[in-house]
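Q: below are the sequence and a predicted model for it; my questions follow.
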Amino acid sequence: MSKILDRKQLVLDAMDNKPVERVPAGFWFHFLADEIHSNAFEQPELTEQVLAGEIKYIEESQPDFVKIMTDGFFPYTSESFLAAKTSEDLKHLQPLPKDDKWFTYQVAYAKKLTDKYGDKIATFYNLFCPGTIIKFMQPNLEDGEPYLANLVRQDKEAVKAAFDVISDDLAELARRVITEAHVTGVYFSLQNLLGEGITREIYEEVFAPAEKKILAAANSVSDYNILHICGYAGHRNDLSWYEDYEVKTINWAAVVEDVELEDGKKLFGGRAVLGGFGNSTEDVLYKGTKAEIKAETKRLLDKAGTTGVILGADCTVPRDTPREHFQWVREALEEYKV
C-alpha cells in the first residue's frame, strides 16, 4: 500500500520549488456540452451539473489539485458591455456592482467545492483574461480572434478602455474567490493575439496592463497562482511575452509549442511548471496503453526533474479520456524515485 501523503501540501511544495516525496499531478476537462455559450447566470441548474461532474472526477481520480472549471460562467454579463455596438461604446463601460450575480454565483459555486475538498487538495479557480472573454462572446468561436484583432487595429484606445474596466471586475473576482470561497489561487488563462499588425509591442500596450492587474490582485491575497498560456486547438504562442508576469507557476502547451517542461523552466527563471502531456486525441494521455503512459510519465520526469514540477496537460483534455489513464500517471509517479 502506498504511503498516504498530504496531496495539497505536495502541490504547494512543488509550487515553492521545494523537494517533494512524489511529484503531484492533476488533469481537467469540461462538463457541459457547450461550455462557452452556456449561461449559468440565467440557468443556475447548469452549475449543479458542473459541480456534480467535478465531484465525480475528484472522488474517482483522487487528483492532487483541481482546476475549478467555469463552464456556464464564460459570459461577461455587464449590461454596458452587452449593449456596446461601436468601439466608442467600449470607452464607456461601467464596472459591475459588487453584489452582481456575476460575482456572487461564482463565489458560491467555488465555495461548494472548497468546503468539501479545500483541506485535502489544492484548488485553482479558472479565470480568463479580458481578450479571451471578448473572443468567447462572439456568436461563432472562430470569429473571435479576427474580430478582436480587427478591433485593436481600428481603435486600440477603445480596447484599452474596455480591458481596464473588465480587468477591474476580474481582479475583484480573483480576490473574492480566494478570500471568500477559499480557493488556493487562480488559474489565469491568456494567449497571444494572432492577426496582421498585432506585434509584441501592441500586446504589451493593449493587453498586458489589464492581465498584470488581475495577477497582481490574485497575488495580493494568495502566493499560489498559476498562469496558463493557452495553446488549445493548436493556438501557437510566443512564451517569452510572459517572462515578466509575476506568478509562481506557469502552464503552457508543451506539445503544441514544442517547449518541454525543462526548457520552459529555464525560460521562466526557474519557477515551478505545470503540464507535460499533450491534450489532443492523438496524444499518449488519450490513446496510449498503460505501458506507454507510464513510460511518458517517466520520460517527463527524467528530463524535467522532480523539483518545481507538477504534471498535467497542455490544456483541457477530451471529455472522454479514460479515467484510468490518470491513475496510470499516478502509479508511475508513485513508482518514480525522487
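A: Yep, that arrived. Residues are numbered from 1 along each chain as shown.
Q: my read: E260 touches A253, true?
A: No - between E260 and A253 there is no contact under Cβ atoms under 8 Å: 11.3 Å. Bear in mind the C-beta positions are built from the backbone N, C-alpha and C, glycine included.
Q: neighbour count: those two, which is higher?
A: Neighbours were counted for E260 and for A253 using other Cβ atoms under 10 Å; A253 has more, 27 against 17.
Q: could you tell me which residues make contact with the closest residue to that one other than its chain neighbours?
A: Spatially, and ignoring its direct neighbours in sequence, A253 is nearest to G231 (2.6 Å; Cβ to Cβ, 6 or more residues apart in numbering). With Cβ atoms under 8 Å, 6 or more residues apart in numbering as the criterion, the residues that contact G231 are Q191, N237, W252, A253, V256, E257, D314, C315.
Q: recalculate using a threshold of 10 Å.
A: G231 makes contact with 191-192, 237, 239, 251-257, 259, 275, 278-279, 314-315, according to Cβ atoms under 10 Å, 6 or more residues apart in numbering.
Q: next one: G185
A: 12, 15, 65, 122-125, 174, 177-178, 218-219, 221-226, 247-249.
Q: per-residue pLDDT of S2, please?
A: S2 carries a pLDDT value of 47.
Q: repeat that for A233.
A: In this model, A233 carries a pLDDT of 86.
Q: and the gap between it and P139?
A: 18 Å (Cβ to Cβ, to the nearest Å).
Q: my guess is V247 contacts G269, does it?
A: No - under the criterion of Cβ atoms under 10 Å, V247 makes no contact with G269, lying 11.3 Å away.
Q: neighbour count winner among those two?
A: It is V247, of V247 and G269, that has more neighbours when counted by other Cβ under 10 Å, with 23 against 9.
Q: does the nearest residue to that one once chain neighbours are set aside belong to a helix, a strand or coil?
A: By the measure of Cβ to Cβ, 6+ apart, the closest residue to V247 outside its immediate chain neighbours is L227, 4.3 Å from it. What DSSP: H, G, I helix; E, B strand; the rest coil gives for L227 is strand.
Q: what about T77, how many residues nearby?
A: Around T77 there are 16 residues (other Cβ under 10 Å).
Q: tell me who's in contact with the closest residue to it other than its chain neighbours.
A: Sequence neighbours aside, W102 is the residue nearest to T77 in space, at 4.9 Å (criterion: Cβ to Cβ, 6+ apart). Neighbouring residues of W102 by Cβ under 10 Å, 6+ apart: F41, F73, P75, Y76, T77, S78, L96, D169, E172, L173.
Q: ditto for K213
A: P130, F163, D164, S167, D168, L170, A171, A174.
Q: could I get the CA-only coordinates of stretch 86-94 as PDB?
A: Only the C-alpha atoms of stretch 86-94 are listed here, as PDB (Å, rounded to 0.1, in the frame of the first residue of the first chain):
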ATOM      1  CA  THR A  86     -19.300  50.500 -31.600                       C
ATOM      2  CA  SER A  87     -15.800  51.000 -30.500                       C
ATOM      3  CA  GLU A  88     -16.800  54.300 -29.000                       C
ATOM      4  CA  ASP A  89     -19.300  52.500 -26.800                       C
ATOM      5  CA  LEU A  90     -16.400  50.400 -25.400                       C
ATOM      6  CA  LYS A  91     -14.900  53.500 -24.000                       C
ATOM      7  CA  HIS A  92     -17.800  54.000 -21.600                       C
ATOM      8  CA  LEU A  93     -18.200  50.600 -20.000                       C
ATOM      9  CA  GLN A  94     -19.300  50.500 -16.300                       C
END
